[in-house]
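**Student:** how would this look folded up:
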Amino acid sequence: MQPLGGTKVLEFSTMITASLAAMMMGEQGASVIKVEPVELGDPINQTAG
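**Tutor:** The predicted model follows:
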């Protein structure tokens, strides 16, 4: 059994730190739903070359 199994997480953040936290919660069994602006998405995606 995973520690966060059955937990639902809504992520409204941008950039790396909160996304990393949400990823770590997902690895512990949480269901993570990332919500991004429709027009642009997460700004961190625009910085990758």
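
**Student:** For S13, the count of nearby residues, please.
**Tutor:** Counted with other Cβ atoms under 10 Å, residues neighbouring S13 total 15. For glycine as for every other residue, the C-beta is placed from the backbone atoms N, C-alpha and C.

**Student:** what about the strands in this protein?
**Tutor:** For the chain, the strands defined by DSSP state E occupy 8-11, 31-34.

**Student:** List the buried residues for the first one?
**Tutor:** By neighbour count on 16 or more other Cβ atoms under 10 Å, the buried set for strand 8-11 is E11.

**Student:** where's it relative to the chain centroid, distance-wise?
**Tutor:** Centroid separation for strand 8-11 versus its chain: 7 Å, with Cα atoms, centre = their mean, to the nearest Å.

**Student:** Other residues contacting it?
**Tutor:** By Cβ atoms under 8 Å, 6 or more residues apart in numbering, the residues outside strand 8-11 that reach it are A18, S19, A22, M25, G26, A30, S31, V32, I33, K34, V35.

**Student:** No further questions, thank you.
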